[in-house]
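Q: model the structure of this input:
(chains A and B)
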Number of protein chains: 2
Amino acid sequence: MSLGNLEFDEDGLIPAIIQDAETDEVLMMAYMNEKSLKNTIRTGRTCFWSRSRQELWWKGETSGNIQEVEEIKYDCDGDTLLIKVEQTGGACHTGHKSCFYRGIKRSEEAEKVFDPEEAYDKT
Amino acid sequence: MSLGNLEFDEDGLIPAIIQDAETDEVLMMAYMNEKSLKNTIRTGRTCFWSRSRQELWWKGETSGNIQEVEEIKYDCDGDTLLIKVEQTGGACHTGHKSCFYRGIKRSEEAEKVFDPEEAYDKT
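A: Numbering: from 1, shown residues only, chains lettered A, B, ... in the order given. Just a heads-up that it's a prediction; the model follows:
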């Protein structure tokens, strides 16, 4: 197995998009270093690098919500991974299946410049 | 529209995963700064920040392969975006629909230490 096509950043990390192999829902994004990627390839379970804790992080080690790897792809410039997994339980520590459970509303409306409730309050 | 829930990194960037709204195929990942994200929200077409060229990059400006935004989500810690788009043509500059057109093989098999075709070639 060669990782020669991959480009790790200046911290030795590469972002990994995790996608549900069955539903194609995007579950989360986390970072891998070479060691955690090799662990992932060797064991078939995702292992990441925790940037906040600065340590290897076996997904599901505490929660039991492991990810079994079905497929690992990399993008045209080799600096991002896409990993399809079979997710046990949910991927997000908040209890959601996916970490992407909130949205930004797009609106054609211009921003309001004053608060009408306050301006027109007659009481 | 408030971007207060988002966390841009030390370079003012946030990674954006781009997913096909119809097929759920992951098409690419690129980076946005606040300005390109606001452009994306305002116009409904993706605009990124090119880290290599250090400039705003309207996706499809040259190729015509624009992305019309259907939905913008952000993850639990607010440091990654997931944008569902209607992709014209292909997302990848190589001509592929998705930038993730190559895979890393996982194999339970140990690496071969010699080439049997060569070793057993009797001609």
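Q: measure stretch A:37-53 end to end?
A: Criterion C-alpha to C-alpha, to the nearest Å; first-to-last residue distance in stretch A:37-53 is 17 Å.
Q: now the helices for chain A?
A: Using DSSP state H, the helices of chain A run over residues A:34-43, A:116-119.
Q: in CSV, list those helices along with distance to B:A119.
A: C-beta: built from backbone N, CA, C; applies to glycine. Formatted as CSV, the helices of chain A follow (distance: least, C-beta to C-beta, whole Å):
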stretch, distance to B:A119
helix A:34-43, 27
helix A:116-119, 83
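Q: nearest to B:L6, out of the ones you listed?
A: helix A:34-43 (25.8 Å; C-beta to C-beta).
Q: the closest one packs against which elements?
A: Judged by 3 or more C-beta pairs under 8 Å, 6 or more residues apart in numbering or on different chains; DSSP states H and E, helix A:34-43 is in contact with strand A:47-50, strand A:55-58, strand A:67-74.
Q: nearest to chain B, out of these?
A: strand A:67-74 (4.2 Å; C-beta to the nearest C-beta).
Q: and that closest one, how far out from the chain middle?
A: Offset of strand A:67-74 from its chain centre (C-alpha atoms, centre = their mean, to the nearest Å): 13 Å.
Q: for stretch A:14-22, same thing?
A: Relative to the chain's own centre, stretch A:14-22 is displaced by 7 Å; criterion: C-alpha atoms, centre = their mean.
Q: check contacts around the spatially most central residue of chain A.
A: Ranked by distance to the mean C-alpha position of chain A (C-alpha atoms, centre = their mean), the top residue is A:M29 at 1.3 Å. A:M29 makes contacts with A:P15, A:A16, A:I17, A:I18, A:C99, B:P15, B:I17, B:D75, B:T80, as judged by C-beta atoms under 8 Å, 6 or more residues apart in numbering or on different chains.
Q: what residues are bridge-paired with it?
A: Using DSSP bridges, the bridge partners assigned to A:M29 are A:I17.
Q: hey, which of the helices of chain A is tucked in deepest?
A: helix A:34-43 (a mean of 17; mean count of other C-beta atoms under 10 Å in any protein chain shown).
Q: between strand A:67-74 and that one, find me the angle.
A: 120 degrees (axes from the mean of the first three to the mean of the last three C-alpha atoms, to 10 degrees).
Q: which residues touch helix A:34-43?
A: Under the contact criterion C-beta under 8 Å, 6+ apart, helix A:34-43 has outside partners A:1, A:3, A:6, A:8, A:12, A:14, A:16, A:32, A:46-49, A:56-58, A:69, A:72, A:81, A:83, B:104, B:106.
Q: distance of the closest residue to A:S36 other than its chain neighbours relative to B:Y74?
A: Residue nearest to A:S36 in three dimensions, not counting chain neighbours: A:C47, with 4.3 Å by C-beta to C-beta, 6 or more residues apart in numbering or on different chains. In this view, A:C47 and B:Y74 are 25 Å apart by C-beta to C-beta, to the nearest Å.
Q: could you do A:D24 as well?
A: From A:D24 to B:Y74 the distance is 19 Å (C-beta to C-beta).
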